[in-house]
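Novice: One predicted model, sequence on top.
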There are 2 protein chains.
Amino acid sequence: MTVLVFVDPAHPDGRLADPLSPQLSVLDQGLTRGDGVFESALYKGGSVRKLEMHLARLAVSAETLDLTIPPADAWRAAVKTAVEEYDAAARPGEEPAESVVKLIATRGPESSAAGSPHGTAWVTVSPAPALGQRQRETGVDVLLLDRGYDSTVAERAPWLLMGAKTLSYAVNMAALRYARAQGADDVIFTSSDGRVLEGPTSTVLLATRMQDADGNEVKRLITPTLETGILPGTTQGAIFAAAQEAGWELGYGPVVPSDLRAATAVWLVSSVRLLTPVNSLDGEAIGTDAELTAELTAMVNRVS
Amino acid sequence: MTVLVFVDPAHPDGRLADPLSPQLSVLDQGLTRGDGVFESALYKGGSVRKLEMHLARLAVSAETLDLTIPPADAWRAAVKTAVEEYDAAARPGEEPAESVVKLIATRGPESSAAGSPHGTAWVTVSPAPALGQRQRETGVDVLLLDRGYDSTVAERAPWLLMGAKTLSYAVNMAALRYARAQGADDVIFTSSDGRVLEGPTSTVLLATRMQDADGNEVKRLITPTLETGILPGTTQGAIFAAAQEAGWELGYGPVVPSDLRAATAVWLVSSVRLLTPVNSLDGEAIGTDAELTAELTAMVNRVS
């Protein structure tokens, strides 16, 4: 079941629509040009997790694309309407445990009516994919694939939209299909100069257990630096904040593939699948650590 | 005015629909993931130019994306229905001189009905943009912009979908916006290793007038090699075939920016705007040649 609510200035609470009926123009540039932005948030236990972080990132993506989108309040109202309708439509006792709230904004039809303050914008709520919930438990086998860009491109070429979450995801989807055709589950992109970047729909985290000068254990959590042009992970951000409070050391590094192989454990993190252990890289097993996974998962589950 | 015809197995001639009404699901992966392919052809003087070349390239793009699309016959029938309807709808004497036929195929909604032989597929016909017709006469000022990829990436990274014409065009559109914000009209992408690639919606051609050993003039026409991962241009292909018949020398080169500055003339070619002279690169005038432009334009106009 999916619930659909358009963000529409004429309907302050959002405009409910039937997601199974056609709702979009074939001339919408979100479709003809992949010209739009999106966010996916987890809806669980009656709360849309990290909604403000998603709204903030959506605004940054839109700014990168010179795209006017509805104000945050209009999104908040549409999300509220959508989850209320979603809950009301579920049979009692049969509510999905985990659902996805998607926020999408496009540039609208090519010759859209003058006076429209923004393009097309809507919110959907639907059950979270079962596959992701399983992978969170089992872990994933990952291929390292070249993203084609070097790690300094974001700074010198803003027109490449690095760090914006756009609707132009054909390459991300193709990389996942390629990995599955090779018997793997997921992908970690590397830059052409050999840096670890991100997954097609996730951020990379790695942890190392070390000892300090007094022989006490220190846990260090690392994620690739944003300067490589990757998307700033909202879940990574929330985990880092919680891990710092819990006494972990944090690092934003240039990360190379050998760092992943040397780490105590590696995870892919994202808003809906949450923290997913990486079991192998290019067919070779790497370190995993059930205790660290449990500790970080507890942090993720406390994020609101 | 736009005419819309869906390619639909239940309607062998295609299914006419109202382009001004919503026609697409918000769950279509063409929209949520930019996951689809397209072609744009010129409709002029009662004929859809190079339709077979466009259908062939559409099929290659779809194969690159592991995407099942309707067979060529179904596209031909839908195009025929669309242009007939388009002509019938025009007021006598007010038919647009030049129109665009767009063919689009997507992966369809995420959980589409079992048994559907392909995703969503449709044809639109609409008037050609006036801007392109003007630029063909006036020429364009061009910025050279880094595409971020090196010129060998296509071979080693098929998941990057180089050479496929996908709906994920956000970067192409962003590059054009960037150029316009700098006062230019268009873009020629270069690779990170300094090769000339293509425009966001066009192929690059350059010509040089030379003399052979006997002092006779030789005209040489060059386009960047496809090995750089660029889209094979249907208009470039048609021009090359005609130029060869007319006695020009042809070359597929590694091209670098200094080649553009040293050339007798440079053009951007595409199916709808056709042959467009480049007047300047990064704000500096380059060579133009009205006689060569006229000769090549005559070749383009003979393409059927």
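Specialist: Great, that's in hand. Numbering: from 1, shown residues only, chains lettered A, B, ... in the order given.

Novice: List the residues that contact the residue in the stretch 201-304 of chain A that chain B sits nearest to.
Specialist: When distances are taken as Cβ to the nearest Cβ, the stretch 201-304 of chain A reaches nearest to chain B at A:Gly229, 8.8 Å away. Yep, even glycine has a C-beta here, placed from its N, CA and C like the rest. Residues in contact with A:Gly229 (Cβ atoms under 8 Å, 6 or more residues apart in numbering or on different chains) are A:Tyr149, A:Ser151, A:Val153, A:Ala154, A:Leu160, A:Met162, A:Gly163, A:Leu197.

Novice: Please list which of those residues also come close to chain B.
Specialist: A:Tyr149, A:Val153, A:Leu160 (Cβ under 8 Å from any Cβ of the partner chain).

Novice: circling back: and the contacts of A:Gly229 as CSV, adding neighbour count, pLDDT and secondary structure?
Specialist: Shown next, in CSV, are the contacts of A:Gly229 (neighbours: other Cβ atoms under 10 Å in any protein chain shown; pLDDT from 0 to 100; DSSP: H, G, I helix; E, B strand; the rest coil):
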residue, neighbour count, pLDDT, secondary structure
A:Tyr149, 28, 95, strand
A:Ser151, 22, 92, coil
A:Val153, 23, 93, helix
A:Ala154, 19, 92, helix
A:Leu160, 23, 97, helix
A:Met162, 21, 95, coil
A:Gly163, 18, 94, coil
A:Leu197, 23, 98, coil
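
Novice: follow-up on the earlier one: let me have the ones next to chain B among the contacts of A:Gly229 in JSON lines, adding distance to A:Ser270 as columns.
Specialist: Conversion of the ones next to chain B among the contacts of A:Gly229 to JSON lines gives the following (distance: Cβ to Cβ, whole Å):
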{"residue": "A:Tyr149", "distance to A:Ser270": "21"}
{"residue": "A:Val153", "distance to A:Ser270": "23"}
{"residue": "A:Leu160", "distance to A:Ser270": "22"}
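
Novice: Next, the contact list for A:Ile230, please.
Specialist: Counting by Cβ under 8 Å, 6+ apart, A:Ile230 has contacts A:Met162, A:Gly163, A:Leu197, A:Glu198, A:Thr203, A:Pro224.

Novice: quick one, phi/psi of it?
Specialist: Backbone geometry at A:Ile230, expressed as degrees, to the nearest 10, gives phi -80, psi 170.

Novice: And A:Asp212, by the same measure?
Specialist: Per degrees, to the nearest 10, the backbone of A:Asp212 is at phi -90, psi -180.

Novice: That one touches A:Lys219, doesn't it?
Specialist: No. In this structure A:Asp212 lies outside contact range of A:Lys219 using Cβ atoms under 8 Å: 10.9 Å.

Novice: who's more crowded, the two?
Specialist: Using other Cβ atoms under 10 Å in any protein chain shown, the more surrounded residue of A:Asp212 and A:Lys219 is A:Lys219, with 18 against 9.

Novice: Setting aside sequence neighbours, what's the nearest residue to the more buried one?
Specialist: A:Trp248 (4.8 Å; Cβ to Cβ, 6 or more residues apart in numbering or on different chains).

Novice: show me the residues around that neighbour that make contact.
Specialist: A:Lys219, A:Arg220, A:Leu221.

Novice: Mind listing the residues bridging to the first one?
Specialist: Here A:Lys219 sits in beta bridges with A:Arg209, going by DSSP bridges.

Novice: That one contacts A:Leu296, correct?
Specialist: No. With contact defined as Cβ under 8 Å, A:Lys219 does not reach A:Leu296; the gap is 9.7 Å.

Novice: Touching both of the two, which residues are there?
Specialist: In contact with both A:Lys219 and A:Leu296: A:Ala207, A:Ala243, using Cβ under 8 Å, 6+ apart.

Novice: and the single nearest residue of the stretch 1-150 of chain A relative to chain B, what is it in contact with?
Specialist: Per Cβ to the nearest Cβ, A:Gly34 is where the stretch 1-150 of chain A lies closest to chain B, at 3.1 Å. Shown in contact with A:Gly34 (Cβ under 8 Å, 6+ apart): A:Thr166, A:Leu167, A:Ser168, A:Tyr169, A:Ala170, B:Gly34, B:Thr166, B:Leu167, B:Ser168, B:Tyr169, B:Ala170.

Novice: pretty sure the second one contacts B:Ala170?
Specialist: Yes. Contact criterion Cβ under 8 Å: A:Leu167 and B:Ala170 qualify, at 6.8 Å.

Novice: Common neighbours of the two, please.
Specialist: Counting by Cβ under 8 Å, 6+ apart, the common neighbours of A:Leu167 and B:Ala170 are A:Gly34, A:Asp35, A:Gly36, B:Gly34.

Novice: would you list those in CSV and tack on distance to A:Ala242?
Specialist: Below are the shared contacts of A:Leu167 and B:Ala170 laid out as CSV (distance: Cβ to Cβ, whole Å):
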residue, distance to A:Ala242
A:Gly34, 34
A:Asp35, 36
A:Gly36, 32
B:Gly34, 34
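
Novice: Just put these in TSV and tack on pLDDT, secondary structure and distance to B:Phe189.
Specialist: Formatted as TSV, the shared contacts of A:Leu167 and B:Ala170 follow (pLDDT from 0 to 100; DSSP: H, G, I helix; E, B strand; the rest coil; distance: Cβ to Cβ, whole Å):
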residue	pLDDT	secondary structure	distance to B:Phe189
A:Gly34	97	coil	17
A:Asp35	98	coil	18
A:Gly36	98	strand	22
B:Gly34	97	coil	18
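
Novice: for those residues, which one is nearest A:Phe240?
Specialist: Lowest distance from A:Phe240 to these (Cβ to Cβ) belongs to A:Gly36, with 28.6 Å.

Novice: In contact with that closest one, which residues?
Specialist: Here A:Gly36 is in contact with A:29-30, A:65, A:67, A:104-107, A:119-120, A:166-167, B:170 (Cβ under 8 Å, 6+ apart).

Novice: try 6 Å this time
Specialist: Shown in contact with A:Gly36 (Cβ atoms under 6 Å, 6 or more residues apart in numbering or on different chains): A:Gly30, A:Ala105, A:Thr106, A:Leu167.

Novice: Give me the subset of these lying in helices.
Specialist: A:Gly30 (DSSP state H).

Novice: Find me the pLDDT at the residue of the stretch 101-250 of chain A found nearest chain B, would you?
Specialist: Proximity of the stretch 101-250 of chain A to chain B (Cβ to the nearest Cβ) peaks at A:Ser168, 3.4 Å away. The model reports A:Ser168 with a pLDDT of 97.

Novice: what about the stretch 101-250 of chain A, any weak spots by pLDDT?
Specialist: A:112-115 (pLDDT under 70).

Novice: near chain B, which residues of it show up?
Specialist: Within reach of chain B by Cβ under 6 Å from any Cβ of the partner chain, the stretch 101-250 of chain A has these residues: A:145-146, A:148-149, A:153, A:157, A:159-161, A:166-171, A:173-175, A:177-178.

Novice: Give the buried subset of the residues you listed as a PyMOL selection command.
Specialist: Here is the PyMOL command that selects only those of these that count as buried (16 or more other Cβ atoms under 10 Å in any protein chain shown):
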select buried, chain A and resi 145+146+148+149+153+157+159+160+161+166+167+168+169+170+171+173+174+175+178
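
Novice: Okay then, goodbye and thanks.
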